[in-house]
Each structure stands twice: as structure tokens, then as C-alpha cells.
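Asks: Predicted model and sequence follow; I will ask about them next.
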Amino acid sequence: MSKKFLFIPFVAFLGLVAVFATQLIKNQQGDDPTKLESVLVGKHVPEFRLEDLAEPGKLYDQAIFKGEPLLLNVWATWCPTCYAEHQYLNELASQGVKIIGLNYKDQRDKAVGWLNDLGNPYLISLFDGNGMLGLDLGVYGAPETFLIDADGVIRYRHVGDVNDRNWNETLKPMYEAMLAEKKS
């Protein structure tokens, strides 16, 4: 084997190091690697027809997202981070924040039990057992929360749990701005 071919793996290795170093530098300069942009930001909630979690046969469609700003929280009982955020969602709901829940790829009986045991922060709980609405929303997993304005337009997508820090720093100012828009 020729000596010049021995350098090919070394050159490939140096190329990978350069790519990883560039990404590392970008992340240290403020890019958030956990931020997942949604192609739906600025668009209406996709059309759907889903059953109520606790009342099989009671159907809802995208019209539930019109009239007032709210949060759409994607959650599941198999999601440990959802469990961690649930108490905070209860607190937000008690403060008047409007939240619709989307139970994602879960077992209905477990989800109903969860809400009965831990409290229900949701105005409406949609059951997305096969995950089709989640797929249409571009959900990667749970929890994810979408800010939706009074016209049913998705304004923001938050991946991960809603907690005191990200609520006060990011989500609350946007939610309050949407409330102010509705009043004017």
C-alpha cells in the first residue's frame, strides 16, 4: 500500500475535529443546541379531530385554539420530565394561564389516573394515542409547549419542561404580549 493512502484517515479525522470545534465555539457564543425551531411558528395549528382524554367520543378540532391566547402542552405518563413539570403547570393554571393538554402516545387509563392523582391544569385534555397531531406539530418527544395566539396561530415552541426560569424569562413575556394584543 502506498504511503500517501495512510494519510487519508488522518485528514478525515482532522476534518471531523474541525467540524466539532466549530460547533463547540458556536454553542459557547450563545447558540442554544436545545432550541428546535418549528416550521409551524407563524402558522395556524394543523387541522385535527381528537377525542377528549377523559370522555371518549367527545371530539375536538382546531377551533379550540381560537378566541384567547393559550399554551398547548404535550405530555405523557411515560415521560419523567413531564412529571417534573406537572406541579408547575398546576401553579400556572391556578394563576389564570390557559393551558390545553395533548396527551401524546400514551395509555388513556394511565393518563386519566395521572390527572386525577396529580391535578389537572388543562382546560381541555386531548388524547393523541397514535401521535398523529404530535407528528403534524413536529413534536420530537414530551414535554413540548406551544404558545398559541387568539387566532390559533403558533407563536413559539418550547422544548423541554416549563419551569420558573424559562416561564419568567421567555414564555410569560410572550404570553402577556399576546394577551395585550387580544385586548387592543
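Replies: Done, it's in.
Asks: Okay, now the unreliable bits of this structure?
Replies: Confidence mapping of the chain against pLDDT under 70 gives the ranges 1-38.
Asks: now with 80?
Replies: 1-39, 182-184 (pLDDT under 80).
Asks: which residues of it fall in strands?
Replies: 49-52, 59-61, 70-75, 99-104, 124-128, 144-148, 154-159 (DSSP state E).
Asks: For the ones you listed, could you give me JSON lines that also reports distance to residue 171?
Replies: (Glycine included, C-beta is placed from N, CA and C.) What follows is those, written out as JSON lines (distance: least, C-beta to C-beta, whole Å):
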{"stretch": "strand 49-52", "distance to residue 171": "24"}
{"stretch": "strand 59-61", "distance to residue 171": "23"}
{"stretch": "strand 70-75", "distance to residue 171": "8"}
{"stretch": "strand 99-104", "distance to residue 171": "11"}
{"stretch": "strand 124-128", "distance to residue 171": "19"}
{"stretch": "strand 144-148", "distance to residue 171": "7"}
{"stretch": "strand 154-159", "distance to residue 171": "6"}
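Asks: Ok, which of the ones you listed comes nearest residue 40?
Replies: Of all those, strand 154-159 sits nearest to residue 40, with 4.8 Å by C-beta to C-beta.
Asks: Determine the set of other helices and strands touching the closest one.
Replies: For strand 154-159, the packing partners by 3 or more C-beta pairs under 8 Å, 6 or more residues apart in numbering; DSSP states H and E come out as strand 144-148, helix 172-183.
Asks: quick check, distance from it to the centre of its chain.
Replies: Distance of strand 154-159 from the chain centroid (C-alpha atoms, centre = their mean, to the nearest Å) equals 7 Å.
Asks: out of the strands of the chain, nearest to residue 43?
Replies: strand 154-159 (6.2 Å).
Asks: Distance of the closest residue to residue 182 other than its chain neighbours relative to residue 114?
Replies: Spatial nearest neighbour of residue 182, chain neighbours left out: residue 150 (4.6 Å); criterion: C-beta to C-beta, 6 or more residues apart in numbering. Per C-beta to C-beta, to the nearest Å, residue 150 is found 29 Å from residue 114.
Asks: try residue 131
Replies: 18 Å.
Asks: Counting neighbours, go ahead and name the busier of these two.
Replies: residue 114 (20 against 16; other C-beta atoms under 10 Å).
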